[in-house]
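Trainee: Here is a sequence with its predicted model. Questions after.
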Amino acid sequence: MRRGVFFAVALAGVLWSSGAGAASPSGLVVASVKASRAVLPGHPFYVQLTVLDRAARARKATATVSAAGAPLATRTATFRPLRRTTIKLPVTLTTLGRNPLTVTLTGARPRRVTVDVTEFRARTSAVVVPSFAGYGGQFNHHVYSALSRAVGVTDQNVVDMEQKMRALHPEFSRIFFTPQAFTDPDKMQSFIQTVQFAQSTGTDINITWQGGTLLPQKFADVLLDLVRNRGITHLRWLTLQNEPNRTRITVEAYEKQYRDLDPLIQSIRGQVKYMGGDLVRGPDTGDPNQAAWFQYLGTHMADILDAYSIHVFWDYWDTQKLVDRLTEVRAIVDALPQNARKPIYVSEYGVRGLRTFNGAPQVDPGVWEDGTPITETNISAFQHAWFDVLAADLGYLGTSKWDSYYGKYDNGTQAYYVIGSPQNGWPLYPMYNLLQLFTSTVKRNWQVVAVDSVPDTSRILAAYLGQKKQLTVIGLDTAGAQLNAGTPTTSSYSIAGFPPSKPVNLLVWNANADGLVAPRQKVTADSNGVLNLTIAQHSVFVLTTVRLG
């Protein structure tokens with residue numbers, strides 16, 4: 001989370017102007033008092049007085065800011081006739097909540113102001129991500145093929161899944177292209193239909209060459225056909241190779257594939273950009289090599305790549321890995337030369353469970369401790385929320401969940417999806433409800449802005465600012481990451497940065513430990529734009545000024 005000490009003067013300030021009876025016998029008039037509406041405990045700020053001297057001669061006077069009768073700051077200044085004089089008094093508060101302050105000036109009437117001391121503040125002037133790509137998931141390119149028809153997907157029941165995906169409103173999503181499609185018409189039609197389906201949901205699309213030797217001209221023909229002939233306006237990104245740093249491909253061969261393809265698709269490069277990487281930490285055996293790959297991408301491919309991408313998977317009992325992966329990659333990219341630093345996306349991420357249960361092997365990604373498939377649990381969704389919030393705070397531009405819906409990629413079985421099998425009616429798992437909450441309250445091309453926070457807390461928040469100044473804050477307490485069945489334990493939050501005295505929508509995912517989003521509530525920020533919440537520790541909350549249907 002981005003944190004910072006801030007000295008607030010006029011910005012985000014509260015102004016108290018003098019009234020008709022503010023003049024004093026001494027001739028000193030306090031024209032205005034300014035202070036922050038809200039501050040973090042222990043973070044210094046200024047109380048600023050503007051004083052008008054109506055007397056005929058200069059004089060000295062002392063200004064004091066006090067709380068509950070105890071002086072917090074004092075300053076003596078000289079005031080000159082018929083001039084406005086501004087003085088600033090540095091103040092530090094430590095008591096959470098509303099702090100009434102009294103401002104006195106020798107010979108003038110006292111003034112009173114109130115400053116909220118909060119644990120968090122959305123600092124909308126500090127932009128972390130200028131244009132957020134949003135949240136989404138992987139679209140299985142074989143869902144319309146014989147592979148998936150053999151396990152129960154039909155032309156009739158797939159309509160239900162399609163409706164649920166459109167209701168999800170994915171924003172940044174990924175689709176594989178397999179070279180097998182060049183010789184398998186069934187897989188080719190399934191790929192094309194999947195891209196058209198993704199286009200209909202409104203998501204921005206990344207197409208990833210899944211693996212193997214690139215056939216530049218054939219692949220270029222497919223891409224050109226999608227854009228020119230099939231109206232795929234949401235094709236925004238192209239990636240070559242899936243997790244190349246765990247394969248035998250060399251960085252030189254990897255670069256050559258982009259160089260070979262690029263001249264063939266120049267006519268659509270205004271719409272389609274290159275994303276490079278799809279990196280994991282390292283190969284299946286051996287030392288991590290992601291840093292070496294990033295170094296090569298930055299020094300040899302900065303002229304052709306527009307962004308980098310990574311994949312992150314972790315076991316549900318090892319949440320430290322989700323933190324480490326996001327922070328280490330952020331540090332690696334930040335250490336590259338300026339021209340080599342590119343926006344970072346997460347094009348695959350997910351939670352894994354126990355690979356065996358009661359001695360029996362389990363379908364990937366495994367199960368929770370009671371045998372429930374991990375994708376159907378609340379803790380899986382909760383940990384995904386933690387990942388998404390942290391990624392936004394660290395400046396990642398978007399995340400694509402692996403995986404969106406039931407289907408077959410190959411002869412093996414993977415079950416990372418958020419929409420289950422047609423045999424069970426394409427059920428919606430807890431992660432679906434969470435992801436839909438995020439895409440309903442955070443939109444593409446919004447900004448991610450900084451959140452100042454008290455130190456050493458397990459609570460984490462991210463803030464997003466819309467093009468019409470809509471504000472959304474997502475928060476959770478990471479202490480709830482292992483609470484599948486819920487707990488009576490709650491976490492409190494005091495959050496500044498909302499429009500003063502205005503209503504805000506509060507939505508809570510998993511409030512009743514059911515994996516659902518509870519009915520919307522209306523809460524009202526106080527006169528300083530502060531909201532105070534108490535949320536179940538197993539829940540994720542969203543505060544938003546977005547007008548919801």
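Mentor: That came through, no problem.

Trainee: my read is residue 238 is in a helix, agree?
Mentor: No. Judged by DSSP: H, G, I helix; E, B strand; the rest coil, residue 238 forms no part of a helix; its state is strand.

Trainee: ok, it to residue 443 distance?
Mentor: Distance of residue 238 to residue 443, given as C-beta to C-beta, to the nearest Å: 24 Å. Yep, even glycine has a C-beta here, placed from its N, CA and C like the rest.

Trainee: More neighbours: which of those two?
Mentor: Shown here are residue 238 and residue 443; by other C-beta atoms under 10 Å, residue 238 has more neighbours (25 against 17).

Trainee: Is that one bridged to anything, and to what?
Mentor: When bridges are called by DSSP bridges, residue 238 pairs up with residue 207, residue 274.

Trainee: Name all residues that make contact with it.
Mentor: By C-beta atoms under 8 Å, 6 or more residues apart in numbering, the contact set of residue 238 is 206, 207, 208, 223, 265, 272, 273, 274, 275.

Trainee: same thing but at 10 Å, please
Mentor: Counting by C-beta atoms under 10 Å, 6 or more residues apart in numbering, residue 238 makes contact with 177, 205-209, 219, 223, 258, 261-262, 265, 268-269, 272-276, 306.

Trainee: Residue 128 too?
Mentor: Neighbouring residues of residue 128 by C-beta under 10 Å, 6+ apart: 2, 392-396, 447-451, 462-464.

Trainee: can you give me the helices in the protein?
Mentor: Using DSSP state H, the helices found in the chain span residues 146-149, 158-168, 185-201, 216-228, 251-261, 290-300, 320-334, 378-393, 430-441.

Trainee: and residue 79, which of those is closest to it?
Mentor: For residue 79, the closest of the helices of the chain is helix 378-393, at 45.7 Å, according to C-beta to C-beta.

Trainee: Buried subset of the contacts of residue 238, written for ChimeraX?
Mentor: What follows is the ChimeraX syntax selecting those of these that are buried according to 16 or more other C-beta atoms under 10 Å:
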select :177,205,206,207,208,209,219,223,258,261,265,268,272,274,275,276,306
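
Trainee: Please tell me how far the spatially most central residue of the chain sits from residue 313.
Mentor: Of all residues in the chain, the one closest to the mean position by C-alpha atoms, centre = their mean is residue 392, 3.1 Å from it. Distance, residue 392 to residue 313, by C-beta to C-beta: 19 Å.

Trainee: Point out where the protein drops to low pLDDT.
Mentor: The chain contains residues with pLDDT under 70 at 1-26.

Trainee: can you do 80?
Mentor: Within the chain, the stretches with pLDDT under 80 are 1-27, 55-56, 549.

Trainee: hang on, the residue nearest to the centre of the chain packs against residue 462?
Mentor: Yes. Using C-beta atoms under 10 Å, residue 392 is in contact with residue 462, at 4.1 Å.

Trainee: rewinding a little: turn the helices of the chain into a markdown table, columns for distance to residue 359.
Mentor: Converted to a markdown table, these look like this (distance: least, C-beta to C-beta, whole Å):
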| stretch | distance to residue 359 |
| --- | --- |
| helix 146-149 | 30 |
| helix 158-168 | 34 |
| helix 185-201 | 37 |
| helix 216-228 | 45 |
| helix 251-261 | 41 |
| helix 290-300 | 35 |
| helix 320-334 | 26 |
| helix 378-393 | 23 |
| helix 430-441 | 28 |
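
Trainee: just these: most buried one?
Mentor: For these, the largest average neighbour count (mean count of other C-beta atoms under 10 Å) is found in helix 378-393, namely a mean of 25.

Trainee: residue boundaries of the strands in the stretch 301-450 of the chain?
Mentor: Remark: strands assigned in the stretch 301-450 of the chain by DSSP state E, counting those that start in this stretch are 307-315, 344-352, 356-357, 360-361, 398-401, 447-453.

Trainee: Neighbours of residue 76, how many?
Mentor: So residue 76, with other C-beta under 10 Å, has 11 neighbours.

Trainee: Then residue 84?
Mentor: Using other C-beta under 10 Å, residue 84 has 13 other residues around it.

Trainee: Over to residue 502?
Mentor: Counted with other C-beta under 10 Å, the neighbours of residue 502 add up to 10.

Trainee: quick one, what contacts it?
Mentor: By C-beta under 10 Å, 6+ apart, the residues touching residue 502 are 524, 525, 529, 545.

Trainee: Among those, which one has the most neighbours?
Mentor: Taking other C-beta under 10 Å as the neighbour criterion, residue 529 ranks highest of those with 24 neighbours.

Trainee: How about the contacts made by that residue?
Mentor: Applying C-beta under 10 Å, 6+ apart, we find residue 529 in contact with 12, 14, 37-38, 116, 118, 121-122, 471, 495-502, 504.

Trainee: Only alpha carbons, please: show stretch 173-186 as PDB.
Mentor: The C-alpha atoms that make up stretch 173-186 are tabulated as PDB, following Å, rounded to 0.1, in the frame of the first residue of the first chain:
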ATOM      1  CA  SER A 173      -9.400 -10.700 -20.300                       C
ATOM      2  CA  ARG A 174      -7.200 -13.200 -22.100                       C
ATOM      3  CA  ILE A 175      -7.700 -15.800 -24.700                       C
ATOM      4  CA  PHE A 176      -5.200 -18.500 -25.900                       C
ATOM      5  CA  PHE A 177      -4.600 -19.200 -29.600                       C
ATOM      6  CA  THR A 178      -3.200 -22.700 -30.200                       C
ATOM      7  CA  PRO A 179      -1.300 -23.500 -33.400                       C
ATOM      8  CA  GLN A 180      -3.300 -26.700 -33.500                       C
ATOM      9  CA  ALA A 181      -6.200 -24.600 -34.900                       C
ATOM     10  CA  PHE A 182      -4.300 -24.200 -38.200                       C
ATOM     11  CA  THR A 183      -5.000 -27.900 -39.000                       C
ATOM     12  CA  ASP A 184      -8.100 -28.400 -36.900                       C
ATOM     13  CA  PRO A 185     -11.100 -26.500 -38.200                       C
ATOM     14  CA  ASP A 186     -13.200 -27.300 -35.100                       C
END
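
Trainee: Can you list the buried residues in that stretch?
Mentor: 173, 174, 175, 176, 177, 178, 179, 181.

Trainee: Determine how far it lies from the middle of the whole chain.
Mentor: Chain-centre distance of stretch 173-186: 31 Å, with C-alpha atoms, centre = their mean, to the nearest Å.

Trainee: Over to stretch 246-261?
Mentor: Taking C-alpha atoms, centre = their mean, one finds the center of stretch 246-261 at 31 Å from the center of the full chain.

Trainee: try stretch 35-45
Mentor: Centre-to-centre, stretch 35-45 and its host chain are 25 Å apart (C-alpha atoms, centre = their mean).

Trainee: try stretch 329-340
Mentor: Stretch 329-340 sits 20 Å away from the centroid of its parent chain (C-alpha atoms, centre = their mean).
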